[in-house]
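>>> next input, structure requested:
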Amino acid sequence: MAEEVVKLRCQRIGCDATFTVDDNLEGSCRYHDAPIFHDGMKEWSCCKKRSHDFSLFLQIPGCKTGKHTTEKPVLTKPAPSPTIPTPSAVVSGPIATTAAASKETCSRCRQAFFCSDHGSNPHSKPTDAQAVASVDETVPASRPPRRVVDINEPQVCRNKGCGQTFKEKDNHETACSYHPGPAVFHDRMRGWKCCDIHVKEFDEFMSIPPCTKGWHNADPTS
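Now for the predicted structure:
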C-alpha cells in the first residue's frame, strides 16, 4: 500500500500554494513582503503595487521567488514618520503692526463682531467679562440710559442692524428693529446668533432682517 503523500500549505504572503517536502524547488514559491495599509489604499512594500480593492490587491502576483515554507513570516511594520512639533509663531515687528492696524480699520472688529480674518474665535472659552457681555446682549432690550440731549436733535442709532437717524422725541420701546447679536463669522459663513440665520455672502448677511424690537440707542456703551 502506497504511503500517503502529505501536502503542506505555504505560509508566505501572496503564495498560499500546497507543496510536499520532496517537491519544493528553489523558485517554486512567488510571494510578497509586508503589506502597507494607509487611507484606504493597500500597497505591497516590496514592489509598490497597490489597489483600493482588497480582493484585487491579493491577486497581484508575488514579486519575489524562493522555496515554500510552513513558517509564518514575521511582519515588520514600516516605521512611522517622526512628528516634528511646530513651534508657536511669535508675530512681532512690522507684521504685528500691520495686523493690529487692519483689525482697527475692520468694520466687523470695530463693531465687536466675531471676525475670522483677525483671529476672533467664537468657539474659544470666553473671559468673565465676555461672558457677562454675552448675557447682556441676549437679554431683551430695555430702556437704555441716555445722555442729556435735545429731544429734537438728530441722532444715529448704533444698535446692530439698525443705523437709522432718529429724534429722541420719537423714540419708544418698539421704534428700533435690530439684532441683539452677536454676529458670527466662521468657516466662510456669516450670520447672527440671535436669530440663527447664516449665509455665505457678506451682502446677504447685511440684508438679514432684524429680529428684535426695542429703543433706538445712539450710545450703546452708555
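>>> please, which helix or strand holds residue 205?
Assigned by DSSP states H and E, residue 205 belongs to helix 202-206.
>>> how about residue 56?
Per DSSP H and E: helix 54-58 holds residue 56.
>>> buried set for that helix?
Across helix 54-58, burial judged by 16 or more other Cβ atoms under 10 Å covers residue 57. In this view, the C-beta of every residue, glycine as well, is placed from N, C-alpha and C.
>>> partners of the helix or strand following the helix holding residue 205, with directions?
Using DSSP H and E, the helix or strand that follows helix 202-206 in sequence is strand 212-214. Sheet pairing for strand 212-214, assigned by DSSP bridges, gives strand 176-178 (antiparallel).
>>> mean confidence for the partner strand?
Averaged over strand 176-178, pLDDT sits at 92.
>>> helix or strand next in line after that strand, which one?
Downstream of strand 176-178 (by DSSP H and E), the next one is strand 183-186.
>>> please save the CA atoms from the helix holding residue 56 in PDB.
In PDB, the C-alpha atoms belonging to helix 54-58 read as follows (Å, rounded to 0.1, in the frame of the first residue of the first chain):
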ATOM      1  CA  PHE A  54      -8.700  44.300  -1.200                       C
ATOM      2  CA  SER A  55      -9.600  41.300  -3.500                       C
ATOM      3  CA  LEU A  56      -7.700  42.800  -6.400                       C
ATOM      4  CA  PHE A  57      -4.800  43.600  -4.000                       C
ATOM      5  CA  LEU A  58      -4.500  39.900  -3.000                       C
END
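>>> identify the bridge partners of residue 64.
Going by DSSP bridges, residue 64 forms beta bridges with residue 31.
>>> who's in contact with residue 164?
156-157, 176, 216 (Cβ atoms under 8 Å, 6 or more residues apart in numbering).
>>> just checking, which of the residues you listed belong to strands?
Among the contacts of residue 164, the members found in strands (DSSP state E) are 156, 176.
>>> dump the contacts of residue 164 into a markdown table; add neighbour count and distance to residue 43 as well.
Shown next, in a markdown table, are these (neighbours: other Cβ atoms under 10 Å; distance: Cβ to Cβ, whole Å):
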| residue | neighbour count | distance to residue 43 |
| --- | --- | --- |
| 156 | 11 | 66 |
| 157 | 23 | 65 |
| 176 | 22 | 64 |
| 216 | 24 | 67 |
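>>> shaky segments in the chain?
Where the chain drops to pLDDT under 70, the residues are 1-3, 54, 75-147, 202-203, 220-222.
>>> all strands for it, in order.
Counting by DSSP E, the strands of the chain are 8-9, 18-19, 29-31, 35-38, 41-44, 50-51, 64-66, 154-156, 165-167, 176-178, 183-186, 189-192, 197-199, 212-214.
>>> what would these look like in a markdown table with distance to residue 73?
Listed next are the strands of the chain as a markdown table, based on distance: least, Cβ to Cβ, whole Å:
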| stretch | distance to residue 73 |
| --- | --- |
| strand 8-9 | 14 |
| strand 18-19 | 16 |
| strand 29-31 | 8 |
| strand 35-38 | 11 |
| strand 41-44 | 13 |
| strand 50-51 | 20 |
| strand 64-66 | 11 |
| strand 154-156 | 79 |
| strand 165-167 | 83 |
| strand 176-178 | 72 |
| strand 183-186 | 51 |
| strand 189-192 | 52 |
| strand 197-199 | 55 |
| strand 212-214 | 71 |
